Every structure is written in C-alpha cells, then in structure tokens.
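Trainee: coordinates only, sequence not included:
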C-alpha cells in the first residue's frame, strides 16, 4: 500500500495557488454573491486563512478542492448573514439551491473548464488568439477577415494553426466535462 505524504504549504506555494486560481475563484464566488468586489474580498479572506493556518495537504488537487469549498462556504455564510438578508431577500429555498452539491459541482466545472480554455488560448500567438476569440463569439470567417483587415485565407490558416495547438491542451477540459456528464449528472 502506497503511503500518502502530507506537507504544509509554504508562502511560495500559497503565492503560486493565488496566481493560478485567484481569478477563477473570484468568478466562482460571484456566481453566489453577484457582487464582484465582495467576491474578491471573500477570496482574499480564504487565502489569508490558508496562509495563517499550517494546513497539510496530500496532493495539489486537495488544495484546489479546499480553496473552492472554502470559497463556497464563505459565500454561503455571507448570504445567510443578517446584514445581507436585510438588503437582499433570499428565500430559504434560494439558499438551499446555492448550498446544494449539484450547484457547486456545476459552477466548479464551468470555472475549471473556463480556466483550462483561457490558459490554452493564452499560449497562442496574438493574431491566432484574436481570431479564435472572435470565432468563439460567433463571428464567421468573412466577418473576422473584415474585423481584423486580413484575408479570409489568413483567417483559415490561423484557425488551422490554432486548432492544432489547442487540441492537445484542451483534452483535459473535454475529459473533465465528459466525466461530469457521464458520472455526476442525475
């Protein structure tokens, strides 16, 4: 039987996780709070707490799970607070939905997939990235060509190059999504 080793996070580990997950965690928190500034505050608090406690983790995935779960719990605490309830009338049913495992899993999947796609897009040369982003926003090749003042053949060539580079990088996002819909959707 393989022994699982646990280690505490160093300040540099925390910094690495902060840079890797900060934006995704803020967007994730915003799904609960619908207030980006408050979401940023919640994520900051989670990282401060993580740095302050010498919590031990066995794998990088457990750190990610800890971060997302902590952000969710912090958001739910805020939504249940008297201060929030005075300003915003959330029903008990609304809070039950937000606290449900299925809501958490769905939003986590969306944020993780989005993070993987964004990271993959950021590896592309600038022109390729512009073309793919326009394509993802529903632009057809002719519209992209006109928007960027380039030939339609350049658009097609750049898209082909981008797809060749993105395919291996996005396999992980596809696998995560496929697993979710295969095993976790009821």
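Mentor: Looks like it came in fine. Computed from a predicted model, the values in this text were never measured in an experiment.

Trainee: can you pull the contacts of the residue lying farthest from the centre of the chain?
Mentor: Relative to the average C-alpha location in the chain, and by Cα atoms, centre = their mean, no residue lies farther out than residue 151, which sits at 34.6 Å. For residue 151, the residues meeting the contact criterion (Cβ atoms under 8 Å, 6 or more residues apart in numbering) are residue 145. The C-beta positions use only the backbone N, C-alpha and C, and glycine is treated the same way.

Trainee: what's the distance between it and residue 95?
Mentor: Relative to residue 95, residue 151 is positioned 54 Å away (Cβ to Cβ, to the nearest Å).

Trainee: quick one, domains of this protein?
Mentor: The chain is divided into the following domains under automatic domain parsing: 7-99, 101-186.

Trainee: Dihedrals phi and psi, residue 56?
Mentor: As for residue 56, its main-chain torsions (degrees, to the nearest 10) stand at phi -110, psi 140.

Trainee: so how many other residues sit close to it?
Mentor: Under the neighbour criterion other Cβ atoms under 10 Å, residue 56 is assigned a count of 11.

Trainee: what does residue 69 give?
Mentor: Using other Cβ under 10 Å as the criterion, residue 69 is surrounded by 13 other residues.
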